[in-house]
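*Asks:* Have a look at this prediction, sequence included:
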Amino acid sequence: MTSARRIDTYLRELVDEDRFAFFEAVADFAKERVAPRLLALERAHELVPEDMIREMGEMGLFGLPIATEHDGQGGGQLELVLMGIALSYWSQSVAITPGAATSLGSKPLMLFGNETQKRAHLPDLARGRRMFVFGLSEPGRGSDAANPEVVARRDGTGWRLSGEKCWSTNARWASHVVVHALTDAAGRRGHRSTCFLVPMNAPGVSYAEMGGKSVWRLSSTGSIAFADVRVEEDQVLGEVNDGFKVMATTLNGGRLFVAALAVGSLAFALDRVSSYAMEREQFDGKPIGRFQRVQDVVVDLDIALEESLTWLLHLVKLYDQGRLPREQAAKVKIAISSRASRLMLDAMEICGGVACLDEFGLMRHHDDLFVTRVGEGSNRALRTQIAQDLMPGIRNILQ
Ligand SMILES: Cc1cc2nc3c(=O)[nH]c(=O)nc-3n(C[C@H](O)[C@H](O)[C@H](O)COP(=O)(O)OP(=O)(O)OC[C@H]3O[C@@H](n4cnc5c(N)ncnc54)[C@H](O)[C@@H]3O)c2cc1C
């Protein structure tokens, strides 16, 4: 595979020199420190190794959007997305580890935490010494996340939490989980729940890794159970009965990050396929890249990459300026993840049988792209939000 990345050509024109240098530094780390270990880790059914997490922590990747006053890097969504693309070029699993830790884990605290909570956690989160998990999804509540079955009942000055969260990314390494729980069953839709910051080692909290997952293979995905867990008032994150706002607001940035993962996969596929099409010879000892039907796919990948990257970075800029409508974040995730998944199959097809091999690298991206279609809001369910924006009379059942 050639070492030149096509994405660099586009990115160089879209971001300033410092941001491009940052992207290259993370991309070099991924190529030198992550890529050579991927196959062995996957074949051994292991998760992202702790030394790799530590190294990413030392690079500051867990603190990218955290303010410098809280020991972070003082960046924004742009830095997060550039990190996401650079790491997911090789592995979405590795990218989502600091990705979920920041864009889903520390983000709710950054957006809704009070100063005491921020001071208590953000410096350790920024250094990767602590990790928060985003506890929204439950066995019985996926798209209908505004109505959690996990419940927090008043108990004197505090609360008692019961129920189960699942699909919790990074649960294996988490210090705390941001739990979205029902606190007012009779409240208005979207105003029935509250978020709580719960230590993973609190009495009554238990975690189990979800088995049998064949996407994001190196990423930890846990189920977290709460058996009558005591939480105090100072563990409430944001306002009581406004917990869904905390989660939904966080997801806007999260969806931009998920779109970045799909861009990383697209970028890898384009480079992989264009170099293979020049290496592989069939009929008269000439490369398959001379066939127009092979060229069509390479060009489709290239167009998709340039369009996706340009659109995504435009929306990231709006997000960092605090003026991105939430429908836009949903739209870009839907569009890029669906297009990248479809094109990944075409990319594999024009490479032939070799694409089935794990060492070829495309199958990993094919599998991982599935998560970008359902994660942080299933693409089909999210269309409801966009439809409501287009036709304001339609009631948005997702809130
Ligand atoms: C690897 C992985 C990691 C994840 N990490 C996290 C995490 O860290 N934290 C977390 O909280 N969650 C996480 N999730 C959960 C993820 O956000 C949910 O899977 C997603 O929200 C969809 O929920 P569901 O899978 O229960 O699907 P369901 O809600 O059961 O929906 C199934 C399907 O029904 C259809 N559907 C449902 N509702 C509608 C609607 N309103 N309109 C149209 N069609 C609809 C869609 O086709 C949808 O795909 C993760 C998921 C995966 C796979």
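*Replies:* It's in.

*Asks:* how about the residues of the stretch 151-300 of the chain near the ligand?
*Replies:* W167, S168, T169, V215, W216, T221 (C-beta under 6 Å from any ligand atom). C-beta: built from backbone N, CA, C; applies to glycine.

*Asks:* Show me where the stretch 151-300 of the chain has its strands.
*Replies:* 151-155, 158-169, 176-182, 193-199, 205-209, 221-231, 236-237 (DSSP state E, counting those that start in this stretch).

*Asks:* Now mean neighbour count too, for those, in JSON lines please.
*Replies:* Below are the strands of the stretch 151-300 of the chain laid out as JSON lines (neighbours: other C-beta atoms under 10 Å):
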{"stretch": "strand 151-155", "mean neighbour count": "16"}
{"stretch": "strand 158-169", "mean neighbour count": "21"}
{"stretch": "strand 176-182", "mean neighbour count": "27"}
{"stretch": "strand 193-199", "mean neighbour count": "25"}
{"stretch": "strand 205-209", "mean neighbour count": "15"}
{"stretch": "strand 221-231", "mean neighbour count": "19"}
{"stretch": "strand 236-237", "mean neighbour count": "23"}
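
*Asks:* Any chance of the ones you listed in JSON lines with mean pLDDT as columns?
*Replies:* Converted to JSON lines, these look like this (pLDDT from 0 to 100):
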{"stretch": "strand 151-155", "mean pLDDT": "97"}
{"stretch": "strand 158-169", "mean pLDDT": "98"}
{"stretch": "strand 176-182", "mean pLDDT": "98"}
{"stretch": "strand 193-199", "mean pLDDT": "98"}
{"stretch": "strand 205-209", "mean pLDDT": "98"}
{"stretch": "strand 221-231", "mean pLDDT": "98"}
{"stretch": "strand 236-237", "mean pLDDT": "98"}
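
*Asks:* As JSON lines, these with distance to K286 would be great.
*Replies:* Listed next are the strands of the stretch 151-300 of the chain as JSON lines, based on distance: least, C-beta to C-beta, whole Å:
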{"stretch": "strand 151-155", "distance to K286": "66"}
{"stretch": "strand 158-169", "distance to K286": "46"}
{"stretch": "strand 176-182", "distance to K286": "57"}
{"stretch": "strand 193-199", "distance to K286": "60"}
{"stretch": "strand 205-209", "distance to K286": "49"}
{"stretch": "strand 221-231", "distance to K286": "45"}
{"stretch": "strand 236-237", "distance to K286": "62"}
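
*Asks:* Close to the ligand: what parts of the stretch 1-150 of the chain are there?
*Replies:* Residues of the stretch 1-150 of the chain lying near the ligand (C-beta under 6 Å from any ligand atom): A100, L104, F134, G135, L136, S137, G142, S143.

*Asks:* Would you write out the PyMOL command that picks the buried residues out of those residues?
*Replies:* Of these, the buried ones go into a single PyMOL selection, burial set by 16 or more other C-beta atoms under 10 Å:
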select buried, resi 100+104+134+135+136+137
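
*Asks:* got the contact list for the closest residue to the ligand within the chain?
*Replies:* Nearest residue of the chain to the ligand: G142, at 1.7 Å (C-beta to the nearest ligand atom). Taking C-beta atoms under 8 Å, 6 or more residues apart in numbering, we find G142 in contact with S378.

*Asks:* How about P287?
*Replies:* A277, M278, E279, R280, E281.

*Asks:* Please list only the buried members of those residues.
*Replies:* A277, R280.

*Asks:* For the contacts of P287, give me CSV that also has distance to R188 and pLDDT.
*Replies:* Shown next, in CSV, are the contacts of P287 (distance: C-beta to C-beta, whole Å; pLDDT from 0 to 100):
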residue, distance to R188, pLDDT
A277, 56, 98
M278, 60, 97
E279, 61, 97
R280, 60, 98
E281, 66, 98
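
*Asks:* Quickly name whichever of the contacts of P287 is closest to C356.
*Replies:* R280 (14.7 Å; C-beta to C-beta).

*Asks:* list the contacts for that closest one?
*Replies:* P287, I288, C351, G352.
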